[in-house]
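Q: turn this into a structure:
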Amino acid sequence: MRRARGFTLLEVLIALGLISLIMVVLFSSLRTASRAWDAVDRAVYRLDEARRAQRFLNDRLSRALMLRLKTGHGNPVAFDGDEEHLRFVTPLFEFLEFGGIYAVDLHYKPEGKALMLRFTPFDPTRPLEQQLEEAQEDTMLEQVESLRFAYLDKRGDWQARWRHPRPPTRVRIRIEAAGQIWPDLLVAVPDV
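A: Numbers count the residues shown, from 1 in each chain. The predicted structure is shown next:
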């Protein structure tokens, strides 16, 4: 009569140990892969957000409307700015459900480290700064460390502030976001 051969306790313990070791390696690899996937997902989101912000800035500035304000102070063009703010008038029909012509303010919010967009329907009888005080505000780009605007005059000199009756020829936007310095965005501005 043959004796049935089974597993000894030692063999079972060794098999369980090997299975446990394989499971630890497998779950560790899955956790590492999950973290890498999340990091890539965050990087793609930031890149997409940056691309949308650049496209918006380029599109809206290149289509700025050089409308004159009827404020009684020489009727300047509705375009002004300094290093931290840029105010102008542009159509926003592609971005808002109602469309129309809007006064827009782009500015840096240091406490939130963000590029902000304020907008309100354009009123030619009030200065832009006054119109934008009660404007709706949205975040355009997060994780912004610095933002600087500069304005190119007709002589080819860059100005840190623009309060002229005519628009500049170009606007330079310098952004450092998410630890990366973007190439300067140079946008030609329509003339009056």
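Q: so for the helix or strand harbouring residue 107, mean pLDDT?
A: Using DSSP states H and E, residue 107 falls within strand 101-109. Here strand 101-109 scores 91 as its mean pLDDT.
Q: can you check stretch 153-162 too?
A: pLDDT averaged over stretch 153-162 gives 93.
Q: one more: stretch 44-56?
A: On average, stretch 44-56 scores 80.
Q: how far does it sit from its chain's centre?
A: For stretch 44-56, the gap between its own C-alpha mean and the chain's C-alpha mean amounts to 6 Å (Cα atoms, centre = their mean, to the nearest Å).
Q: what comes into contact with that stretch?
A: For stretch 44-56, the surrounding residues in contact (Cβ atoms under 8 Å, 6 or more residues apart in numbering) are 95, 115, 117, 140, 141, 142, 143, 177, 178, 182, 185. To be clear about C-beta, it is placed using only N, CA and C from the backbone, and glycine gets the same treatment.
Q: may I have the beta-bridge partners of residue 138?
A: residue 117 (DSSP bridges).
Q: measure it to residue 43 for me?
A: 23 Å (Cβ to Cβ, to the nearest Å).
Q: CA atoms only: put the strand holding residue 107 into PDB for me.
A: Below are the C-alpha coordinates for strand 101-109, written out as PDB (Å, rounded to 0.1, in the frame of the first residue of the first chain):
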ATOM      1  CA  ILE A 101     -18.000  93.800 -25.100                       C
ATOM      2  CA  TYR A 102     -16.300  93.700 -21.700                       C
ATOM      3  CA  ALA A 103     -13.800  95.700 -19.700                       C
ATOM      4  CA  VAL A 104     -11.100  93.200 -18.600                       C
ATOM      5  CA  ASP A 105      -8.400  93.400 -15.900                       C
ATOM      6  CA  LEU A 106      -5.600  90.900 -15.700                       C
ATOM      7  CA  HIS A 107      -3.600  91.000 -12.500                       C
ATOM      8  CA  TYR A 108      -1.500  89.000 -10.100                       C
ATOM      9  CA  LYS A 109      -2.900  88.000  -6.700                       C
END
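Q: contact partners of it?
A: In contact with strand 101-109 (Cβ under 8 Å, 6+ apart) are residues 57, 60, 65, 67, 78, 84-92, 96, 114-123, 128, 131-132, 135, 140, 144, 146-147, 149.
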